[in-house]
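In: Give me a 3D structure for the following:
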Amino acid sequence: MELKQARGNTWYLADMQLIPLYRLDEHRCILLDSGMYAQRALLDRALGREGLIPVGILGSHSHFDHSSNHRYLQQRYQIPVAMSLAEAALASTPETLKTMFFAHSPAEFLADAQGVRHMEVRCDRVILPEEREVTLGGVRFEIVPTPGHSAGHISVRTPDDVLYLADAMMAGRELEQAKLPYHFNHMRALETLEHLKSVPAACYLAAHRGVLPELGDLPDQNIAKIRDRAEQILALLSQPVHICELTRLVCQHFGLHSSRPELAAKYERNVRTYLDYLRDTGRVDTILRDGVFYYQRKD
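Out: Next up, the predicted model:
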């Protein structure tokens with residue numbers, strides 16, 4: 001991990017994704033997210049190399065690639081963790097984390113899903129939905145609600161006017177290569193993307209390798225990607241299908257192949273979120289046959 005400056009005291013550790021931080025002084029910092037479990041050793045080495053000691057964590061959301069080191073750092077440095085109400089609740093137990101990520105997986109897979117346990121954390125500061133700022137380490141950070149990718153996803157503006165978007169928006173290669181972009185609620189994600197068009201900042205950080213002086217047409221590119229994928233999934237509904245069959249068709253259509261059960265579970269989850277969006281927009285309905293739900297396109 002390489003430490004790079006975004007603007008002023010706002011820096012980020014560059015790796016497969018960005019881990020932003022705000023430097024309070026030469027040695028102390030506030031982390032904005034903590035990355036993946038697989039990044040733990042790299043994060044430790046990078047902080048040690050730079051002589052940085054975290055004194056707090058302000059988390060954007062409770063997905064594995066953003067929150068897997070919260071509890072580890074909380075315990076190692078005895079520091080507070082702050083997250084939004086919805087994300088703090090989800091991260092509070094392995095059971096709620098399983099519900100969020102693997103609700104539609106086979107029961108035997110859920111029982112073995114030890115991968116969620118390192119994401120469990122009890123937050124010291126819960127950010128309520130109506131709050132628009134939080135203070136950590138004596139520094140005030142602005143909270144910009146950006147729900148959609150997850151239920152309580154937030155973006156964070158540092159005192160340097162750097163807006164950390166986390167996963168509210170994809171950029172660059174991540175956006176170009178995304179075959180089936182995930183949002184917990186695509187309707188809310190689209191509303192958030194529209195809103196972000198009018199949210200100014202001197203610099204924007206998108207978690208997955210995006211450092212941007214301006215957003216330009218990036219929100220519209222994200223919006224177009226979501227809508228395009230929804231339309232392609234809709235086109236596959238030539239007849240009523242069960243979720244398992246539709247997932248097979250979607251994976252075949254987009255070239256999504258995996259022998260790993262956790263990825264197969266996530267593909268099915270992603271398909272369900274697009275079906276929810278298509279139902280919300282009145283283009284897909286469900287029918288019940290022999291106690292099983294089938295999805296069909298509305299005429």
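
In: Name the next helix or strand following the lowest-mean-pLDDT helix or strand in the chain along the chain.
Out: Across the helices and strands of the chain, mean confidence by mean pLDDT, DSSP states H and E is lowest for helix 107-111: a mean of 43. Note on helix 107-111: by DSSP states H and E, the next helix or strand toward the C-terminus is strand 125-127.

In: pLDDT of stretch 46-59, averaged?
Out: Stretch 46-59 shows a mean pLDDT of 97.

In: quick one: it to chain centroid distance?
Out: 21 Å (CA atoms, centre = their mean, to the nearest Å).

In: Kindly check the end-to-end length of that stretch for me.
Out: Criterion CA to CA, to the nearest Å; first-to-last residue distance in stretch 46-59 is 19 Å.

In: next one: stretch 173-184
Out: So stretch 173-184: terminal residues 22 Å apart, CA to CA.

In: Would you mark the buried spots in it?
Out: 174-175, 180-184 (16 or more other CB atoms under 10 Å). (C-beta placed from N, C-alpha, C; glycine too.)

In: now Arg279: how far from Val250?
Out: From Arg279 across to Val250, the span is 16 Å (CB to CB, to the nearest Å).

In: likewise Ile19?
Out: 32 Å.

In: more crowded one of those two?
Out: Neighbour totals were compared for Ile19 and Val250, and Ile19 leads with 25 against 22 (other CB atoms under 10 Å).

In: domains in the protein, as residue ranges please.
Out: 2-225, 238-297 (automatic domain parsing).

In: Have a look at this protein and report its longest helix.
Out: Criterion DSSP state H: the longest helix present in the chain is helix 261-280.

In: Return the backbone torsion pair for Ala206.
Out: phi -100, psi 130 (degrees, to the nearest 10).

In: Just list the residues touching it, thanks.
Out: 18, 165-167, 169-171, 174, 212 (CB atoms under 8 Å, 6 or more residues apart in numbering).

In: Which residue is the nearest non-sequential neighbour of it?
Out: Ala171 (4.3 Å; CB to CB, 6 or more residues apart in numbering).

In: Would you confirm that that neighbour contacts Asp217?
Out: No: contact criterion CB atoms under 8 Å: Ala171 and Asp217 do not qualify, at 11.4 Å.

In: neighbour count winner among these two?
Out: Ala171 (21 against 10).

In: Low-confidence regions, this structure specifically.
Out: For the chain, applying pLDDT under 70 flags the ranges 100-115.

In: Which stretches in it count as helices?
Out: Going by DSSP H, the chain shows helices at 40-50, 64-67, 70-77, 85-90, 94-102, 107-111, 172-177, 186-196, 218-235, 243-254, 261-280.

In: So which of these is nearest Leu128?
Out: helix 85-90 (5.7 Å; CB to CB).

In: ok, and what's touching that closest one?
Out: So helix 85-90 is contacted by 59, 61-62, 67, 96-97, 99-100, 123, 126-129, 150-154 (CB under 8 Å, 6+ apart).

In: now swap in stretch 215-232 and tell me
Out: By CB under 8 Å, 6+ apart, stretch 215-232 touches 169-171, 175, 178, 180-181, 183, 186, 189-190, 193-194, 196-197, 204, 212, 253-254, 274, 277-278.

In: now stretch 128-148
Out: 22, 24, 28, 30, 55-56, 58, 80, 82, 84-85, 125, 127, 152-159, 163, 165-166, 168, 183-193, 195-196, 199.

In: Mind giving me the ChimeraX select for those, buried ones only?
Out: With 16+ other CB under 10 Å as the criterion, this ChimeraX line picks the buried residues out of those:
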select :22,24,30,55,56,58,80,82,84,85,127,152,153,154,155,156,157,158,163,165,166,168,183,184,185,186,188,189,190,192,193,196,199
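
In: re the thing from before, dump the buried residues of stretch 173-184 to JSON lines, plus distance to Val134.
Out: Formatted as JSON lines, those follow (distance: CB to CB, whole Å):
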{"residue": "Glu174", "distance to Val134": "27"}
{"residue": "Leu175", "distance to Val134": "29"}
{"residue": "Leu180", "distance to Val134": "33"}
{"residue": "Pro181", "distance to Val134": "28"}
{"residue": "Tyr182", "distance to Val134": "26"}
{"residue": "His183", "distance to Val134": "24"}
{"residue": "Phe184", "distance to Val134": "22"}
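
In: Go through those and name the one nearest Gln74.
Out: Phe184 (24.6 Å).

In: Ramachandran coordinates for that closest one?
Out: Dihedral angles (degrees, to the nearest 10) for Phe184: phi -60, psi -40.
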